[in-house]
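Trainee: Sharing a model prediction with you, sequence too.
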Amino acid sequence: MYDPAQLRSIHLSRFGDEPAIFAAPGRVNIIGEHTDYAEGFVMPAAIDFATLAAISPRADGKVVLYSENYAEQREFEASSLPAERSGHWTDYPLGVLAVLAGEGHTIPSFSLSLWGDVPLGSGLSSSAAIEVATALAVTALIDVGYPRPVLARLCQRSENEFVGSSCGIMDQFISANAAENNALLLDCRDLTFRLAPIPASVALVIANTMVQHAITGGEYTSRRAQVEEAAAVIARHRPEVRFLRDATLDDLERYGSEMSPLALKRARHVITENTRTVAAAEALIHHDLKELGRLMAEAHVSYSQDFEASCEEADAMVELAQDLPGLIGARLTGGGFGGCTVNLVEQQHAREFAAALGQRYAARTGIIPQIHICHASGGANRVQESIQAVT
Ligand code: GLA
């Protein structure tokens, strides 16, 4: 796990200045996949992995970005920051700066040290964690306090407009707004949310297939285009349907023949997933874990078969969990095409569950997975250990 005190001393010895330190968590999505950009519902929780951002002001007009993960430092002029991505890790913090500049803020001179332990490319939102940690650090430095939903939207825009991935709002939103021991049912239309407490008797077991996923890649983007194609076809008949959030299975019956067969399948996933997600939140809130597990299983099948966003390894990881003691529900989480499965497991069985799943998966695929027993953590914040305000 990350260590703010260690980042503080790294930053101090590198830059000679006392930093303020902020942390932003990664996330696991319990249910509601590829529904966020269709203005639908998602139910993620933040996890115990996070990115830390240590920041201190400078007086030389430079923005200096250091990553402890990459052991690399890059310098820029605060007055002429890059306007375009370069494919480098600095795109994530620079994207946030570009959006803040676009909002009319003057970007000051500062040193920023980043250090994270969210596994990269695993569908656990390492990029959102970097964006939110950076945004919190920089807005604190310039003494601007955005409401958290607005901060999340700015971070999403930095990813859409600068990094070049067409992601929705889910990852940045949960990183910025999570509440410890809760999942959050988010309405991606108006960003209102409801907390769904995760009982202490339930563990979040995250099983990494070790198959890398990339949301800047073509599959995520093509799925989004198919979802939008389906919505556009329905809108020709029902102009009030701007997003699949507003569509029903009945619309697919009526107008599905006007869509490409793939758009029809993708739409069926999104429409049914929205219903499942709201039902899953109800189930969690009312302690109906059996129903929650059933909905997660159904969601995985829909994600795998209609949305075709799973892969052999993720299907295996879900299948191999089914008869293990303590399993409540399992499914592939995140953008798809690899990454992690989320398993809700009775706490008392979590360790044995993780060990047995790891063994089974290794025997089936020849890949040693990483399996983490997590709890739902709190959202991004200034870390206690930070010593002084920077302003
Ligand atoms: C990625 C994106 C999110 C969301 C999920 C799929 O994590 O960043 O916005 O679309 O995929 O649910």
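Mentor: That came in fine, so what should we check first? All values reported here derive from a predicted model rather than from experimental measurement.
Trainee: Please compute how far stretch 116-134 lies from its chain's middle.
Mentor: 8 Å (C-alpha atoms, centre = their mean, to the nearest Å).
Trainee: repeat for stretch 3-13
Mentor: On C-alpha atoms, centre = their mean, the centre of stretch 3-13 falls 26 Å from the chain's centre.
Trainee: again, but for stretch 58-68
Mentor: Centroid displacement of stretch 58-68 relative to its chain, using C-alpha atoms, centre = their mean, is 27 Å.
Trainee: what's in contact with that stretch?
Mentor: The contact list for stretch 58-68 (C-beta atoms under 8 Å, 6 or more residues apart in numbering) reads 7, 10-11, 14-15, 17, 72-79, 81, 89-90, 93-94, 97, 107, 109-115. Where you see a C-beta, it was placed from the backbone N, CA and C, and this is true even at glycine.
Trainee: Cross these against helices and list the overlap.
Mentor: 7, 10, 11, 14, 15, 93, 94, 97 (DSSP state H).
Trainee: still on that earlier bit, quick one: buried ones out of the contacts of stretch 58-68?
Mentor: Buried positions within these, assessed by neighbour count (16 or more other C-beta atoms under 10 Å), are 7, 10-11, 14-15, 17, 74, 76, 78, 89-90, 93-94, 97, 107, 109-115.
Trainee: re the thing from before, the ligand: which of the ones in helices among the contacts of stretch 58-68 is nearest?
Mentor: Taking C-beta to the nearest ligand atom as the measure, the ligand lies nearest residue 93 of the ones in helices among the contacts of stretch 58-68, at 17.5 Å.
Trainee: my guess is that closest one meets residue 129, correct?
Mentor: No: here residue 93 does not reach residue 129: they are 11.7 Å apart, not a contact under C-beta atoms under 8 Å.
Trainee: Return the set of buried residues in the longest helix that the chain contains.
Mentor: Under DSSP H, the helix in the chain containing the largest number of residues is helix 261-285. By 16+ other C-beta under 10 Å, the buried positions in helix 261-285 come out as 262-274, 276-284.
Trainee: what do you get for stretch 10-28?
Mentor: 10-12, 14-15, 17, 19-28.
Trainee: Same question for stretch 300-314.
Mentor: Result for stretch 300-314 [16+ other C-beta under 10 Å]: buried residues 300, 302, 303, 304, 306, 307, 308, 309, 310, 311, 313, 314.
Trainee: Any chance you could list what contacts it?
Mentor: The contact list for stretch 300-314 (C-beta under 8 Å, 6+ apart) reads 33-34, 209-211, 219, 223, 265-266, 268-270, 272-273, 276, 315, 318, 330-332, 335-339, 341, 361, 365, 367.
Trainee: What is the end-to-end distance of that stretch?
Mentor: 10 Å (C-alpha to C-alpha, to the nearest Å).
Trainee: With stretch 142-162 instead?
Mentor: Stretch 142-162: ends 21 Å apart by C-alpha to C-alpha.
Trainee: do that stretch and the ligand meet?
Mentor: No: Stretch 142-162 does not reach the ligand (C-beta under 6 Å from any ligand atom); its nearest approach is 7.5 Å.
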